[in-house]
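In: Okay, predicted coordinates and the sequence, questions at the end:
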Amino acid sequence: MNGNSPQDGAPLLVVEGLRKTFRLPGGGTLTAADRISFTLPEGGSVGIVGESGSGKSTVARMLAGLERPDAGSVTVNGRDRHSARRGGRSRRDRLARAREIQMVFQDPYVSLDPRLTAGQCLRTALRLHGHPAVEDRIRSLLDRVGLGAREAEARRHELSGGQRQRLAIARALAVDPRILVLDEAVAALDVSIQAQILQLLAEIREDTGVALVFVSHDLAVVQHITDETVVMRRGTVVEQGPTDRVLRTPRHAYTRLLLTSVPHQDWDPSDVVRARAEAAEAEAA
Ligand SMILES: Nc1ncnc2c1ncn2[C@@H]1O[C@H](COP(=O)(O)OP(=O)(O)OP(=O)(O)O)[C@@H](O)[C@H]1O
């Protein structure tokens, strides 16, 4: 991993009071995220869960620096990622910031250059960040994510969805990030491929010590890969804590609704309707 080690005992990532409000085309505003706070230790893993529109991607984008918060701060290793500098940021600053946090999206198809083979894609990422793009390094990155010599020569349309996501993860890892933010990174994959990618991410975390921020609408997905979970609803955090505790003994009616919505043996969709009514009641109270 690059960079310095965190100051004694301090979390690697500290998110404090983040807020983002968008102007709507017809006038008016929408607060997509408000008062979002959590921490992530070095090598830790946190899940951000909630239904569609709850503000998860907005938070992920603020972490990665793709969206500027209206309030609050994102600090990595004690350094504020959004602090304004006179004259703007230099290219070097921007690249250094990108190396701290890398992001993997739901659909890597759009973010992969159709002209480049998988090997060339990694070479480009390494060069951009000033790493020597030596063949050994490219091969070991591909190997790290379970891609071989055939895939190294393939372009994006010649790779399966799972292979494309493996390549996107390899590209993110090319710069030795401290933190990977994965925004619905397995949502578009078949369940069996999802399991393989989740297993791969767990191994990468174990081997490299990279910390994970796992954004998902699916509680079953965060259950296996995160230590802590943050539950978002309509732009705010309704519950957060150790994943085991949140999933076993949810305190908020909305978390119970999310849990009830996960299909399982003897699952009855009418339970979801009931849980939704309870969540609405709890909100009105
Ligand atoms: N650039 C934008 N301009 C206006 N509104 C936006 C913008 N980006 C997001 N929103 C709105 O902010 C709210 C939160 O969106 P966000 O994408 O963060 O939610 P989400 O939980 O990630 O949902 P999904 O999983 O469906 O992407 C939504 O109501 C969305 O329409």
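Out: Okay, I see it. Numbers count the residues shown, from 1 in each chain.
In: can you pull the buried residues of the one helix or strand in the chain whose mean pLDDT sits lowest?
Out: When each helix and strand of the chain is scored by mean pLDDT, DSSP states H and E, helix 269-284 comes last, with a mean of 76. Judged by neighbour count (16 or more other Cβ atoms under 10 Å), helix 269-284 contains these buried residues: 272, 275, 279. Quick note: C-beta positions are derived from backbone N, CA and C, even for glycine.
In: need the contact list for the second one.
Out: Contacts were defined as Cβ atoms under 8 Å, 6 or more residues apart in numbering; by that measure Ala275 touches 253, 256-257, 260-261.
In: number of nearby residues for Ala71?
Out: Number of residues near Ala71 (other Cβ atoms under 10 Å) recorded here: 13.
In: Spatially, which residue comes closest to it, not counting chain neighbours?
Out: Nearest residue to Ala71 in three dimensions, chain neighbours excluded: Arg19, at 4.2 Å (Cβ to Cβ, 6 or more residues apart in numbering).
In: Tell me the strands beside the helix or strand where the one you found lies, with direction?
Out: Taking DSSP states H and E as the definition, Arg19 sits inside strand 13-23. On the basis of DSSP bridges, the sheet neighbours of strand 13-23 come out as strand 29-40 (antiparallel), strand 71-76 (antiparallel).
In: Relative to the ligand, which of these is closest?
Out: When the strands paired with strand 13-23 are compared by Cβ to the nearest ligand atom, strand 29-40 sits nearest the ligand, at 3.3 Å.
In: Output the helix or strand just after that closest one in PDB, but only the C-alpha positions, please.
Out: For strand 29-40, the following helix or strand on the C-terminal side (DSSP H and E) is strand 45-49. Output in PDB follows, covering the C-alpha atoms of strand 45-49 (Å, rounded to 0.1, in the frame of the first residue of the first chain):
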ATOM      1  CA  SER A  45     -14.800  -2.900   5.400                       C
ATOM      2  CA  VAL A  46     -18.000  -0.800   5.700                       C
ATOM      3  CA  GLY A  47     -21.300  -1.300   3.800                       C
ATOM      4  CA  ILE A  48     -23.600   1.500   2.900                       C
ATOM      5  CA  VAL A  49     -27.100   0.100   2.200                       C
END
